[in-house]
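Undergrad: how would this look folded up:
(chains A and B, ligands or ions: 1)
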Amino acid sequence: MAELTMKKKRPKNLDLLTIKQPLPAVLSILHRVSGAGLFLFLPVLLWLLQSSLASPESFAMVKGLAGNIVVKVILLGLLWAYCHHFCAGIRYLLLDGHIGIEKEAARMTAKISFAVSLLATVILGGLLLW
Amino acid sequence: MVNRIVVGAGYGLRDWIAQRATAVIMAVYTVILLAAVVANGGSTYEAWHGLFASGFMKFATFLALLSLFYHAWIGVRDIFMDYIKPTGLRLGLMVVVIAALVGYAGWAAQILWRL
Ligand code: HEM
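TA: Coordinates of the predicted model:
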């Protein structure tokens, strides 16, 4: 009984790079990318936390590092990753609670997530890094 | 006979819940930390160090980090299940990730309770 019946041959295009993705799909893949990126940078982030707390000297060293433009850009990227993952994540939690699951609403909240995470990145980046 | 379609990783409701519970813990902690930084400045060593010196922040930070490691484990495992097909490689990578995350948990405790 529980057999999958998908026998009809229909034309399909599954080439992800040529399909025009709706905004929620872009949000979703970036949620995965940001989660993976944050995971990969965990040792660096823990080391920064450790150094910033260990002593006044190592705190000053971290501040000095963050003054380097390359480091700044990387940290800004991580900040965006966190903000994006945060906003898209909250949106998923709401969707799980059946809030905003209609197509129009889902598109709207995807837009809001992008806007809020970019805005938060600019504000927090401005306060913390510049 | 029941024709079950085996997806290979259990049926994951518990993990699904855990990923969401840990997400909520991290989100709440993020707001607390931001509020604390705004309230005390955090731009000098004394202020930043003082922030994490209180028993409450130590506990909250550790809880959030443990949640993060568990959350990241479930997430990274899901990603491996989607993209890494050879079983041996997938299992090998999972072992590496678990080892790293358990190590991070120990490291986090050391960072916080050495203050
Ligand atoms: C406030 C903080 C966070 C929230 C609210 C949050 C929320 C979520 C949610 C709801 C999911 C499930 C998505 C789904 O099932 O499609 C998820 C997946 C994931 N999270 Fe987080 N998360 C947070 C922080 C983090 C951090 C710091 C990391 C990195 C270490 C991380 C790594 C991941 C990964 C790798 C996935 C799997 C992505 C996927 O399957 O596409 N998360 N997150």
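Undergrad: check contacts around the residue of chain B found nearest the ligand.
TA: Using Cβ to the nearest ligand atom, the single residue of chain B nearest to the ligand is B:Gly75, 2.4 Å away. For glycine as for every other residue, the C-beta is placed from the backbone atoms N, C-alpha and C. Each residue near B:Gly75 by Cβ atoms under 8 Å, 6 or more residues apart in numbering or on different chains is listed here: A:Gly35, A:Ala36, A:Phe39, B:Gln19.
Undergrad: Return the member of those residues nearest to the ligand.
TA: Distances from the ligand to the contacts of B:Gly75, taken by Cβ to the nearest ligand atom, are shortest for A:Gly35, at 2.8 Å.
Undergrad: The closest one sits in which helix or strand?
TA: helix A:23-54 (DSSP states H and E).
Undergrad: and chain A, which residues reach chain B?
TA: For chain A, the contact set with chain B under Cβ under 8 Å from any Cβ of the partner chain comprises A:1-4, A:32, A:35-36, A:38-39, A:42-43, A:46, A:49-50, A:52-54, A:56, A:59-60, A:86, A:89-90, A:93, A:96.
Undergrad: In PyMOL, select just the buried ones from those residues.
TA: Of these, the buried ones can be selected in PyMOL as follows, counting by 16 or more other Cβ atoms under 10 Å in any protein chain shown:
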select buried, chain A and resi 35+36+38+39+42+46+49+50+52+53+54+59+86+89+90
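Undergrad: For the chain, give me the ranges with low pLDDT.
TA: All of this refers to chain A. Along chain A, segments meeting pLDDT under 70 span A:1-7.
Undergrad: Not quite, go with chain B.
TA: Using pLDDT under 70, the flagged stretches of chain B are B:1-11, B:42.
Undergrad: Those residues of it touching the ligand, which are they?
TA: For chain B, the contact set with the ligand under Cβ under 6 Å from any ligand atom comprises B:19-20, B:23, B:26-27, B:30, B:68, B:71-72, B:75-76, B:78-79.
Undergrad: between the strand or helix carrying A:Glu104 and helix A:23-54, how big is the angle?
TA: Here A:Glu104, judged by DSSP H and E, is contained in helix A:103-128. With axes from the mean of the first three to the mean of the last three Cα atoms, to 10 degrees as the basis, helix A:103-128 and helix A:23-54 are set at 30 degrees to each other.
Undergrad: now helix A:103-128: how far from the chain's centre is it?
TA: Taking the mean of its C-alpha atoms, helix A:103-128 sits 10 Å from the chain's own mean (Cα atoms, centre = their mean, to the nearest Å).
Undergrad: Next, the buried residues of stretch B:64-82.
TA: Buried residues in stretch B:64-82 (16+ other Cβ under 10 Å): B:64-80.
Undergrad: which residues touch A:Val26?
TA: A:Ala110.
Undergrad: Same check on B:Trp113?
TA: By Cβ under 8 Å, 6+ apart, the contact list for B:Trp113 reads B:Lys58.
Undergrad: so how far is B:Thr22 from it?
TA: Here B:Trp113 is placed at a distance of 22 Å from B:Thr22 (Cβ to Cβ, to the nearest Å).
Undergrad: Which part of chain B gets nearest to chain A, residue-wise?
TA: B:Tyr45 (4.2 Å; Cβ to the nearest Cβ).
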